[in-house]
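1. Need coordinates for the following:
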Amino acid sequence: MSEKHFQPNFSQSQVVELVKRLFNLTPSDIHSLPSYSDQNFYVAAVEGGEYVLKIMNSEDSKDPTLIELQTCAMSFLHQNGLPAQTAHLTTSGQLMSLEEIDCGYGCQKYLVRMLTYLHGNTISKVPLTPQLLYEMGKTAARMDKVLQQLEHPNLSSLQRENFIWSLSNIPLLEQYMKVLDGDPLQEVVKSVIHQYKTSVAPKYSHFRKCLNHGDFNDLNVLVQPDESDGYRISGILDFGDMNTGYYIHELAITIMYMMTRHPEPIEVGGHVLAGWESVLPLNETEKDCLFVLVLSRFCQSLVLARYSVTLNPENEEYLMITSRTGIHILRQMWELGREQVEKVWFQSAAQYSDAKQGKPFTNSIAGRFH
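-> Presented below is the predicted three-dimensional model:
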């Protein structure tokens, strides 16, 4: 991913030609959309419809089975009432096409897909109310529960054993620790990895397995205003980190990313947890491990962002977006300790079930930590 020639660099005229030839559509409007390692274009067609043309980087294009599976998972979620994109088939009826094109680095092969365009703003751009955090938890749980029903001949390709972003692979971070040399946070990260090895890893047999989206973050969820002056979730994007994992992983990842976008990050977990448990109540072992798994995701984000900067120093601003905020929250969580943080999370979540039973909902724990 560090090598520039992996990333596609298609010109507008090349994109217009692709859209016409592969999908039999005539673009009336076309402009580029942000992407880290791929190339994305918004396409409005004369024939009607709005789309995102996705051109995968040449490295990821070497694994069409995985990309095809991710695309099927998106369609499956859409069929089951979740707001995921679906693929617009090629003229030959395929989900995608492998194109060999020279866009400045000699001939390379790139997988090309046309997906439906979903309207909305990323959730990072709106205030994270308790209700919206609850919806995030509920949607994440619904998504994983639906994905559990997915049938596909190549499901085994999601068992990505050394996938560095899987929460099953926290010990793999040790090989990157030198990027934190001289940073006092290095000791915190080492301690979290040790806690993971001693208090989480031995308990995996008690976690419930599932398929994870794996990156349910503030830039991969779209929202639109709803009729009650709040927001509803209108899109789930980017299935590139899908892997075989555990329900508790998805919850930990969701909590962690929502914490990075909230002025009172410690308060976030309870609302997300309540939404999650409205669909999938946790077992006792999963509850016991949630704190360390959220810390572990912060450590992944910090270490891997720092490592990516050593490979792509010119892209530091983008790479460190989550990590910069995360550093302070990781330190805050570590200093408060598991007991304090869990007390906030579990008391807050309990208030939702109390409210369902007719007891008044109070916000007594808000503002406790600054």
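2. Tell me where the stretch 101-250 of the chain has strands.
-> For the stretch 101-250 of the chain, the strands defined by DSSP state E, counting those that start in this stretch occupy 107-116, 121-122, 209-212, 221-225, 231-236, 243-246.
3. for the record, mean pLDDT for the longest one?
-> Strand 107-116 shows a mean pLDDT of 95.
4. Could you do the shortest one as well?
-> Here strand 121-122 scores 96 as its mean pLDDT.
5. Quick check: neighbours of it in the sheet, parallel or antiparallel?
-> strand 221-225 (antiparallel) (DSSP bridges).
6. from the middle of its chain, how far away would the partner strand be?
-> 15 Å (C-alpha atoms, centre = their mean, to the nearest Å).
7. and that strand with strand 231-236, angle?
-> 140 degrees (axes from the mean of the first three to the mean of the last three C-alpha atoms, to 10 degrees).
8. Go ahead and name everything in contact with strand 221-225.
-> 83, 118-123, 126, 132, 136, 139, 231-237 (C-beta atoms under 8 Å, 6 or more residues apart in numbering). (Glycine included, C-beta is placed from N, CA and C.)
9. Poorly predicted segments of the protein, please.
-> Applying pLDDT under 70 to the chain flags residues 1-5, 315-323, 356-370.
10. buried ones in the helix ranked longest in it?
-> The single longest helix within the chain, with elements called by DSSP state H, is helix 284-311. Buried positions in helix 284-311, judged by neighbour count with 16 or more other C-beta atoms under 10 Å: 285-309.
11. Does Lys54 belong to a helix, a strand or coil?
-> What DSSP: H, G, I helix; E, B strand; the rest coil gives for Lys54 is strand.
12. Look at the closest residue to it other than its chain neighbours and say how many residues are nearby.
-> Leaving aside its sequence neighbours, Lys54 sits nearest to Arg113 (C-beta to C-beta, 6 or more residues apart in numbering; 4.8 Å). By other C-beta atoms under 10 Å, the residues close to Arg113 number 25.
13. quick revisit: would you mind finding the most buried of the strands of the stretch 101-250 of the chain?
-> strand 243-246 (a mean of 22; mean count of other C-beta atoms under 10 Å).
14. I'd like to know which elements that one is packed against.
-> Helices and strands touching strand 243-246, by 3 or more C-beta pairs under 8 Å, 6 or more residues apart in numbering; DSSP states H and E, are strand 209-212.
15. Work out the gap between the strand it packs on and the centre of the chain.
-> For strand 209-212, the distance to the chain centre is 14 Å (C-alpha atoms, centre = their mean).
16. so what strands line up beside that strand?
-> strand 243-246 (antiparallel).
17. what's the offset of the strand it pairs with from the middle of its chain?
-> 13 Å.
18. Just the residues contacting it, thanks.
-> Counting by C-beta under 8 Å, 6+ apart, 158-160, 163, 165-168, 204, 207-212, 214 sit against strand 243-246.
19. Using PDB, write out every CA atom in it.
-> Extracted in PDB, the C-alpha atoms of strand 243-246 (Å, rounded to 0.1, in the frame of the first residue of the first chain):
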ATOM      1  CA  ASN A 243     -13.400 -10.500   8.600                       C
ATOM      2  CA  THR A 244     -14.400 -13.500  10.600                       C
ATOM      3  CA  GLY A 245     -14.600 -12.300  14.200                       C
ATOM      4  CA  TYR A 246     -16.800 -11.900  17.200                       C
END
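20. Identify the residues contacting the closest residue in space to Lys62 that isn't next to it in sequence.
-> Among residues not flanking Lys62 along the chain, Lys109 sits closest, at 7.7 Å (C-beta to C-beta, 6+ apart). Neighbour list for Lys109: 58, 61-62, 98-100 [criterion: C-beta under 8 Å, 6+ apart].
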